[in-house]
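Peer 1: Okay, predicted coordinates and the sequence, questions at the end:
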Number of protein chains: 2
Amino acid sequence: MSARKKILDAALQEMSAKGADATSLRMIADAVGIKTPSIMYHFPTKDALRKAVLEEQLSRWNDVLPTLIMATSRDGNGRFEALTAELSKFFLEEPARARLIMRELMDRPEEMQLYLNRYIAPWIQLIAEQVQLARSKGNVSGDVDATAFVWVMVTSVMANAALAESIRLEPIAESGPTTQTHTPRLTQELIRMARSSLFSSPLEPHHSQKGESSYHGKLFKR
Amino acid sequence: MSARKKILDAALQEMSAKGADATSLRMIADAVGIKTPSIMYHFPTKDALRKAVLEEQLSRWNDVLPTLIMATSRDGNGRFEALTAELSKFFLEEPARARLIMRELMDRPEEMQLYLNRYIAPWIQLIAEQVQLARSKGNVSGDVDATAFVWVMVTSVMANAALAESIRLEPIAESGPTTQTHTPRLTQELIRMARSSLFSSPLEPHHSQKGESSYHGKLFKR
DNA sequence: CCTACCGATCGGTAGG
DNA sequence: CCTACCGATCGGTAGG
């Protein structure tokens, strides 16, 4: 593996664990087994290294994109469930990825706007259009905000992966043989929610009982 | 306002913006209008200040707890929608709160385990029991994992609030008069999802079409 | 609450 | 890729 790649990998781990601004070049150099000036040969500044790490991870969206588009454009009821499942796989296979992106979104919101627009927003819109299409066909509840739905699922799955090490629920003792590589409970529930929250015409009408529905209006009056 | 409180407030803002480890005492001192040694008079170390800020925010859960318990123990269909709405209010009224907790969960997972167990886990379990009760009455879908559901909603609402400044969707041009203080779209959708994802017996059966359901098994085999 | 100061560590450079 | 070194900033202390 090239020295550059080794540095990128170590930087991803360190920066995702403590945040880029709280990670020193020395920590990264130690992890690789070199001295800090050697890092400067491959990357002109610390900030350039941070950006390289970030852009490498963001560009990985392209790996899941085909699967994602294919799954959601296909017909059938499981397709938006598949969206959440694939998304979970993408983040859980490298938890440092989820943490890094979450951190950068909080550390540098303005800079991340640009990256979101370039790497992520376009295909979120594409998938949202699939949801919208299903909605117009009546396969999906009419009060779903398609674009907001996809964004919520992405951020929720990402946050879930980022916090996976901090929030651990014990697996439920279930009947049947032990499944070795089990999907974590939070992820499993998130996938279930994605599916069931899209179903059209739920049993209860939207405005259910007198005056106790619709918190939207009275919520933020303070 | 006491000097101590001024320091705590400034520290919350700075630490939530850049992370505690990337925030210097000088940044906090400047925000308050004092010098760094003056901070050390009120807090013995930087770490003690960080813990004081964190514990102050975590203890605020007690403010919403009564409302939360009351809303979810009440009967009616809007109660779990109310859970999400109240939770959103709690985090959105002070976005720094959501960011700080998200960051600490990533920075110091082991330390946060203790705080979660002390401040949050008990009443999450309490609300989960309400969901479980509604489930056994048939008011809530049978395949809901009650505990996981509440945790997912808490983390999702928190992440949504933490990223509110980075991810902005334009409000949808809707009929009717302009609502001045509108609930953001992502939050609105999150509330809708909480409600609709709990409904029992959705139109489609769980295992819908031949072989394309249940991603749980085949998801993580790689 | 301040000034003055401490050793340690930071990102980065010079020169090889 | 290294050693040697730079000025700046870090958390924290002494003393008032």
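Peer 2: That came through, no problem. Remember, predicted model here, so these are calculated numbers, not experimental data.
Peer 1: Let me know how buried residue A:114 is, in neighbour terms.
Peer 2: For residue A:114, the neighbour count with other C-beta atoms under 10 Å in any protein chain shown is 10. No exception for glycine: its C-beta is placed from N, CA and C like everyone else's.
Peer 1: got it, and the one 5 residues further on?
Peer 2: Burial of residue A:119, expressed as a neighbour count using other C-beta under 10 Å, amounts to 17.
Peer 1: what pLDDT does it get?
Peer 2: pLDDT for residue A:119: 94.
Peer 1: where does the residue nearest the centre of chain A land on pLDDT?
Peer 2: By C-alpha atoms, centre = their mean, chain A has its centre lying nearest to residue A:158, at 2.9 Å. For residue A:158, the model assigns a pLDDT of 98.
Peer 1: and what of residue A:63?
Peer 2: pLDDT, read off for residue A:63, is 89.
Peer 1: Name the SS class of it, please.
Peer 2: Here residue A:63 is helix, with the state taken from DSSP: H, G, I helix; E, B strand; the rest coil.
Peer 1: check contacts around it.
Peer 2: Contact analysis of residue A:63 by C-beta atoms under 8 Å, 6 or more residues apart in numbering or on different chains lists residue A:90.
Peer 1: Could you rerun that using 6 Å?
Peer 2: By C-beta atoms under 6 Å, 6 or more residues apart in numbering or on different chains, no residues touch residue A:63.
Peer 1: Tell me if I'm right that the residue nearest to the centre of chain A and residue A:97 touch.
Peer 2: No - look at residue A:158 against residue A:97 with C-beta atoms under 6 Å: they stay out of range, at 8.8 Å.
Peer 1: Which parts of chain A are helices?
Peer 2: Assigned by DSSP state H, chain A shows helices spanning A:3-18, A:25-32, A:36-42, A:46-59, A:61-73, A:79-92, A:95-107, A:109-115, A:121-136, A:146-162, A:185-196, A:216-219.
Peer 1: Give me the distance from the longest one to the chain's centre.
Peer 2: Okay, so that is helix A:146-162. The chain centre lies 6 Å from the centre of helix A:146-162; the measure is C-alpha atoms, centre = their mean, to the nearest Å.
Peer 1: Over to the third one?
Peer 2: The offset between the C-alpha centroid of helix A:36-42 and the centroid of the whole chain comes to 32 Å, using C-alpha atoms, centre = their mean.
Peer 1: What residues of it count as buried?
Peer 2: Using 16 or more other C-beta atoms under 10 Å in any protein chain shown as the test for burial, helix A:36-42 gives A:39, A:42.
Peer 1: Can you tell me which residues in chain A are near DNA strand D?
Peer 2: Within chain A, the positions adjacent to DNA strand D are A:3, A:34, A:35, A:37, A:38, A:41 by C-beta under 7 Å from any atom of the strand.
Peer 1: May I have the predicted confidence score for the fourth one?
Peer 2: Per-residue confidence at residue A:37 stands at 98 (pLDDT).
Peer 1: Roughly how far does it sit from residue A:13?
Peer 2: Using C-beta to C-beta, to the nearest Å, we find residue A:37 at a distance of 21 Å from residue A:13.
Peer 1: re the thing from before, measure the residue nearest to the centre of chain A to residue A:150 for me?
Peer 2: 12 Å.
Peer 1: One more: residue A:76?
Peer 2: With C-beta to C-beta as the criterion, residue A:76 and residue A:150 are 18 Å apart.
Peer 1: quick one, which of the two is more surrounded?
Peer 2: In this view residue A:76 and residue A:150 are compared by other C-beta under 10 Å, and residue A:150 has more residues nearby, 25 against 14.
Peer 1: wait, isn't the more buried one in contact with residue A:129?
Peer 2: No - counting by C-beta under 6 Å, residue A:150 stays clear of residue A:129, with 9.6 Å between them.
Peer 1: interface residues of chain A facing DNA strand C?
Peer 2: Residues of chain A lying near DNA strand C (C-beta under 7 Å from any atom of the strand): A:23, A:24, A:25, A:26, A:27, A:36, A:37, A:40, A:44, A:45, A:46, A:47.
Peer 1: Can you name the two of the residues you listed that sit furthest apart?
Peer 2: Pairwise distances among the residues of chain A next to DNA strand C were taken by C-beta to C-beta; the largest, 19.0 Å, belongs to A:27 and A:44.
Peer 1: Quick check: closest non-adjacent residue to residue A:130.
Peer 2: Distances taken as C-beta to C-beta, 6 or more residues apart in numbering or on different chains place residue A:72 nearest to residue A:130, at 4.7 Å, with adjacent residues excluded.
Peer 1: low-scoring pLDDT stretches of chain A, where are they?
Peer 2: Residue ranges of chain A with pLDDT under 70: A:174-182, A:200-222.
Peer 1: ok, 50 please
Peer 2: Applying pLDDT under 50 to chain A flags the ranges A:202-222.
Peer 1: how many neighbours does residue A:110 have?
Peer 2: Applying other C-beta under 10 Å, I find that residue A:110 has 8 neighbouring residues.
Peer 1: Comparing residue A:27 and residue A:44, which residue is more hemmed in?
Peer 2: Per other C-beta under 10 Å, whichever of residue A:27 and residue A:44 has more neighbours is residue A:27, with 17 against 9.
Peer 1: Let me see the contact set for that one.
Peer 2: Residues in contact with residue A:27 (C-beta under 6 Å, 6+ apart) are residue A:14.
Peer 1: Residue A:102 against residue A:162, yeah?
Peer 2: Yes - counting by C-beta under 6 Å, residue A:102 does reach residue A:162; the two are 4.7 Å apart.
Peer 1: Isn't residue A:85 up against residue A:191?
Peer 2: Yes - in this structure, residue A:85 is within contact of residue A:191 by C-beta under 6 Å, at 5.4 Å.
Peer 1: Can you list the buried residues in stretch A:188-202?
Peer 2: Neighbour-count burial for stretch A:188-202 flags A:188-200, A:202 (criterion: 16+ other C-beta under 10 Å).
Peer 1: my bad, stretch A:30-37
Peer 2: Under the neighbour-count criterion of 16+ other C-beta under 10 Å, stretch A:30-37 has A:32, A:34 buried.
Peer 1: and the end-to-end length of it?
Peer 2: 12 Å (C-alpha to C-alpha, to the nearest Å).
Peer 1: what about that stretch, distance to the chain center?
Peer 2: For stretch A:30-37, the distance to the chain centre is 31 Å (C-alpha atoms, centre = their mean).
Peer 1: Ok, stretch A:82-100 next?
Peer 2: 6 Å.
Peer 1: thinking again about what came up before, how near is the residue nearest to the centre of chain A to DNA strand D?
Peer 2: Distance, residue A:158 to DNA strand D, by C-beta to the nearest atom of the strand, to the nearest Å: 29 Å.
Peer 1: same question, residue A:81
Peer 2: 45 Å.
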